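**Student:** coords please:
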Amino acid sequence: KAAVPPKWSFGTWVSRMTYFSQTEVMEVAKRLREMRFPSDVIHIDTGWFEQDWRCDWRFDKKRFPDPERMFHEARQMGFRICLWQMPYVIEGTDVYREAQKRKFLARKKGPFLFIFAFPASPIDFSNPKAVEWYQGKLRHVLRMGASAIKVDFGEGIEPTMCFQKYDGRQMHNLYPLLYDKAAFDAVKEAKGEGVIWARSAYAGSQRYPVHWSGDNSANFENLLSCLRGGLSLGLSGFTFWSQDTGGFVGIPTDDLYIRWTQLTVFQSHMRFHGTPPKFREPWQFAPETQRIVRNYLELRYRLIPYLYTEAQVAAAGGLPLLRHMVIDFQEDPTVFNIEDQFMTGRALLVAPILARNNSRRVYLPAGIWYDFWTSERIEGGRWITREADIETIPVYVRGGTILPLAAAAQCVDQLSTDGLTLRVYPDAEGRAAGEILDGQRRLSFEAWQKENAIEVSVPVGISDPLVELPPGFPRAELATRDRRILSSSDEPTV
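**Tutor:** The predicted structure follows:
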């Protein structure tokens, strides 16, 4: 089963191909805060070495003169930093000569060219001493202040290669698993909590999250195909998954960028990443697009109490967080072939707009559902047609849910259980429940109908909660063990 990544990793990741200097990284950090785009991670891709792509796990001294200071200043602003690297050691580098001398590289019977440009050799992850050598390279930058490692590539093992314990054919699928494990373990040892950003995988790699889709393209067709891939990976036992929001290659339109953001808000993890000439930071797009994206990132952070709770529940059960409808509705044959809507955890049904229009069909399984935006109550067991302007993604909440929403925050460090909004969505019997899991801490909420009111039970210690009810319920009684407060809310707010 999957390890649960650190809570901060559920915040927004911001990246491009690539940031080339310490100054550039800090300018992006300052701009994210000044423009109030909630975010937690800045990823530096292939450009932190002396030569772009030429990975030697060392910062270029001219463009990154003081990486420890960069890590520290970013952390003071609420950011963590992730670093790109890969498992192929490039010939001509000091690290290649070191690894070759110590027999830590795969033996080849012909040339192996990384990205068709650099002669290289894969690290032999079947050799425990080679694993320790590789982890030492990661520990160095992790102890400097990096918080996560991008575990790129790993799928290129050729049949003629030879490793300490296996031949190339045996190692081809196994290699990504050993690579993921080596990097994840290094991060966990150095930081006390494990998280990587990995592409290649094999059975068992779900234990070392997070995996993402790899390079996608900036068009609506890829928006749908990436979702299909994520749902399929979830059915294969991977709890956590992401993709490059906005598409990695190509130039996204503003509408596509908005629709992609709306979908990825409801994944376990989300990262903006892409190639020039139009990068994927929100300010690369029109002011109106920025406003809409900012609103959705704020919603993402308000949802983190729910998302992080569901992440822990899903990981414990070996289930995906973003998941195919069939997992929750196995007795309903209608959901078997639905590939364009999904569940986020146990309570949220998400039906993203995946084409160049503002309308789609949505299937609601049997039971009571509520429109997330209006709290309209809808009887399920049927298809509905949903109009959704560019500011709206169709989302429905399962009846019987209390959905906790945090107060707005710019980074996960700022999140608190103080000032929670508890949205109550009663089932057919007028009851609802919810919880917040945060490591060893568990907060449980219950609600039940009492005449014309809904009574909500809240744990002692929750400060200033606000209860929101669907239309038709005029008031709520908010109760703890030692107090009872009358609260009301006519309109849901996001």
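
**Student:** tell me the pLDDT at the closest residue to residue 69 other than its chain neighbours?
**Tutor:** Leaving aside its sequence neighbours, residue 69 sits nearest to residue 22 (C-beta to C-beta, 6 or more residues apart in numbering; 7.9 Å). (Glycine included, C-beta is placed from N, CA and C.) We note a pLDDT of 98 for residue 22 in this prediction.

**Student:** List the contacts of residue 22.
**Tutor:** Residue 22 is in contact with 63-67, 69-70, counting by C-beta atoms under 8 Å, 6 or more residues apart in numbering.

**Student:** and those as TSV, adding distance to residue 138 and secondary structure?
**Tutor:** TSV is the format used below for these (distance: C-beta to C-beta, whole Å; DSSP: H, G, I helix; E, B strand; the rest coil):
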residue	distance to residue 138	secondary structure
63	21	coil
64	17	coil
65	22	coil
66	20	coil
67	14	helix
69	20	helix
70	17	helix
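
**Student:** same for the helix ranked longest in the chain, what does it pack against?
**Tutor:** The longest helix of the chain (DSSP state H) is helix 287-317. Helices and strands touching helix 287-317, by 3 or more C-beta pairs under 8 Å, 6 or more residues apart in numbering; DSSP states H and E, are helix 254-264, strand 401-405, strand 432-438.

**Student:** what's the distance between it and the middle of its chain?
**Tutor:** 9 Å (C-alpha atoms, centre = their mean, to the nearest Å).

**Student:** what's the answer for stretch 433-446, then?
**Tutor:** 21 Å.

**Student:** quick one: residue 357 from residue 332, how far?
**Tutor:** Going from residue 357 to residue 332 by C-beta to C-beta, to the nearest Å gives 27 Å.

**Student:** circling back: now the helices and strands packed on helix 287-317 in CSV, with mean pLDDT, mean neighbour count and distance to residue 247?
**Tutor:** What follows is the helices and strands packed on helix 287-317, written out as CSV (pLDDT from 0 to 100; neighbours: other C-beta atoms under 10 Å; distance: least, C-beta to C-beta, whole Å):
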stretch, mean pLDDT, mean neighbour count, distance to residue 247
helix 254-264, 98, 23, 7
strand 401-405, 98, 24, 29
strand 432-438, 96, 19, 33
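
**Student:** could I get those as JSON lines with distance to residue 222?
**Tutor:** Shown next, in JSON lines, are the helices and strands packed on helix 287-317 (distance: least, C-beta to C-beta, whole Å):
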{"stretch": "helix 254-264", "distance to residue 222": "9"}
{"stretch": "strand 401-405", "distance to residue 222": "30"}
{"stretch": "strand 432-438", "distance to residue 222": "34"}
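
**Student:** between those, which one is nearest to residue 98?
**Tutor:** Nearest to residue 98 among the helices and strands packed on helix 287-317 is helix 254-264 (39.8 Å), distances taken as C-beta to C-beta.

**Student:** List the strands paired with the longest strand along the chain, with their directions.
**Tutor:** Across the chain, the longest stretch assigned as strand under DSSP state E is strand 441-450. Taking DSSP bridges as the criterion, strand 441-450 sits next to strand 432-438 (antiparallel), strand 453-457 (antiparallel) in its sheet.

**Student:** Quick one: those strands as CSV, columns for distance to residue 463 too.
**Tutor:** Shown next, in CSV, are the strands paired with strand 441-450 (distance: least, C-beta to C-beta, whole Å):
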stretch, distance to residue 463
strand 432-438, 14
strand 453-457, 15
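
**Student:** circling back to that earlier point, phi and psi next, for the residue nearest to residue 69.
**Tutor:** Backbone torsions for residue 22, taken as degrees, to the nearest 10, come to phi -60, psi -40.

**Student:** what's the spacing between it and residue 77?
**Tutor:** Distance from residue 22 to residue 77, by C-beta to C-beta: 14 Å.

**Student:** Touching stretch 101-109 from outside, list them.
**Tutor:** So stretch 101-109 is contacted by 89, 96, 99, 121-124, 127, 129-130, 133-134, 157-158, 160-163, 168, 171 (C-beta under 8 Å, 6+ apart).

**Student:** and that stretch, which residues are buried?
**Tutor:** 104-106, 108 (16 or more other C-beta atoms under 10 Å).

**Student:** Between the strands paired with strand 441-450, which one is closest to residue 46.
**Tutor:** For residue 46, the closest of the strands paired with strand 441-450 is strand 432-438, at 35.2 Å, according to C-beta to C-beta.

**Student:** returning to that earlier point: which of the contacts of stretch 101-109 are buried?
**Tutor:** 89, 96, 99, 121-124, 127, 130, 133-134, 157, 161, 163, 168, 171.

**Student:** From residue 422, how far off is the nearest residue to residue 444 once chain neighbours are set aside?
**Tutor:** Excluding its sequence neighbours, the residue lying closest to residue 444 (C-beta to C-beta, 6+ apart) is residue 435, at 4.9 Å. To residue 422, residue 435 is 11 Å away according to C-beta to C-beta.

**Student:** coming back round to it: looking at residue 357 and residue 332, which one has more neighbours?
**Tutor:** Ranked by neighbour count (other C-beta atoms under 10 Å), residue 357 and residue 332 place residue 332 first, with 16 against 10.
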